[in-house]
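*Asks:* Please find the sequence and the predicted model below.
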Amino acid sequence: MGIPAPDPPLADAVVTLRPWREEDAPAIVAAIDGDPEITQWLDLIPQPYGLADARDYIAQCRRAWADGTGATFAVLEATSGSLAGSTGVRFGDPVHAVAEIGYWVAREARGRDVATRALRLVCRWLVDEVGVARLQLQADALNQGSQRVAEKAGFTREGVLRASRWNERRRTRVDFVMFSLLPAELPD
Ligand SMILES: CC(C)(COP(=O)(O)OP(=O)(O)OC[C@H]1O[C@@H](n2cnc3c(N)ncnc32)[C@H](O)[C@@H]1OP(=O)(O)O)[C@@H](O)C(=O)NCCC(=O)NCCS
């Protein structure tokens, strides 16, 4: 069963989050295609990245909202409405009430707390409205930026999952750091 999207949308003074729409496809391509940071850290995102990839991704996100397996948001600049990034959540078995979060920020929007703000908003929603009991995220052990975002949003570094993923571009196994946040630890 699907999860209702937040209404009104999640927002603070800087970012607004809403589910992806079909018309977002060109902006997703502009943000992702050829970006070396996204290529380096998000191995599952194809490169080069074209309109067909973006349309497939949006369709996949819509299915996940509808069947309750995921909740993925476009992160928009609150003032201009332009695309600043993405924050996505995957839900496992509802018995365990665990949500796993991921994110990326477009080149020109980086370094302005966009990822941290979006992550905080999504975490608050997941705890207060969705009833998630454990939030977790995994960052490549070499991805300092992503780990800093997790810490700034209040996550605790639990440990390193050694050689836990295969990275197709690097043709090697890589270590990931597991972070978690429990409801009582949510920052104000
Ligand atoms: C990692 C990423 C999401 C950060 O987004 P952002 O909006 O620029 O991050 P913020 O502005 O919220 O930064 C939060 C903190 O991280 C730090 N940070 C951001 N990028 C960093 C980097 N590359 N190296 C070291 N620290 C970094 C910032 O300095 C800030 O810390 P500070 O306040 O102590 O100075 C963005 O660079 C990105 O999309 N990278 C490519 C995709 C990716 O790595 N996604 C995560 C996969 S798990």
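*Replies:* Everything's here; your move. Bear in mind the structure is a predicted one, so any value in this text is a computation, not a measurement.

*Asks:* Could you use CA atoms for every contact and neighbour count after this?
*Replies:* Noted.

*Asks:* and this structure, which residues reach the ligand?
*Replies:* Within the chain, the positions near the ligand by C-alpha under 6 Å from any ligand atom are 37-38, 41, 102-105, 110-116, 138-139, 144-146, 148-149.

*Asks:* what do you get if the cut-off is 5 Å, keeping everything else the same?
*Replies:* 37-38, 41, 104-105, 110-116, 139, 144-146, 148-149 (C-alpha under 5 Å from any ligand atom).

*Asks:* Report the buried members of those.
*Replies:* 38, 41, 104-105, 114-116, 139, 146, 149 (16 or more other C-alpha atoms under 10 Å).

*Asks:* ok, the closest residue to residue 76 other than its chain neighbours to the ligand distance?
*Replies:* The shortest distance from residue 76 to any non-neighbouring residue, by C-alpha to C-alpha, 6 or more residues apart in numbering, is to residue 83 (4.6 Å). Separation of residue 83 from the ligand (C-alpha to the nearest ligand atom, to the nearest Å) stands at 12 Å.

*Asks:* pLDDT score for residue 83?
*Replies:* Among the per-residue scores, residue 83 shows a pLDDT of 98.

*Asks:* I'd guessed it sits against residue 27; true?
*Replies:* Yes. In this structure residue 83 lies within contact range of residue 27 using C-alpha atoms under 8 Å: 6.6 Å.

*Asks:* okay, and the common contacts of the two?
*Replies:* Counting by C-alpha atoms under 8 Å, 6 or more residues apart in numbering, no residue touches both residue 83 and residue 27.

*Asks:* taking the residues of the chain next to the ligand one by one, which sit in strands?
*Replies:* 104-105, 139 (DSSP state E).

*Asks:* what mean pLDDT does the longest helix belonging to the chain have?
*Replies:* Under DSSP state H, the helix in the chain containing the largest number of residues is helix 51-67. When pLDDT is averaged over helix 51-67, the result is 98.

*Asks:* returning to what we had before: what's the burial count for the residue nearest to residue 76?
*Replies:* 22 (other C-alpha atoms under 10 Å).

*Asks:* Name the SS class of residue 87, please.
*Replies:* strand (DSSP: H, G, I helix; E, B strand; the rest coil).

*Asks:* That one pairs with what?
*Replies:* Taking DSSP bridges as the rule, residue 87 bridges to residue 73, residue 103.

*Asks:* That one contacts residue 76, doesn't it?
*Replies:* No. In this structure, residue 87 is not within contact of residue 76 by C-alpha under 8 Å, at 10.7 Å.

*Asks:* re earlier: and which of the buried ones among the residues of the chain next to the ligand is nearest residue 53?
*Replies:* Comparing those against residue 53 with C-alpha to C-alpha places residue 38 closest, at 14.6 Å.
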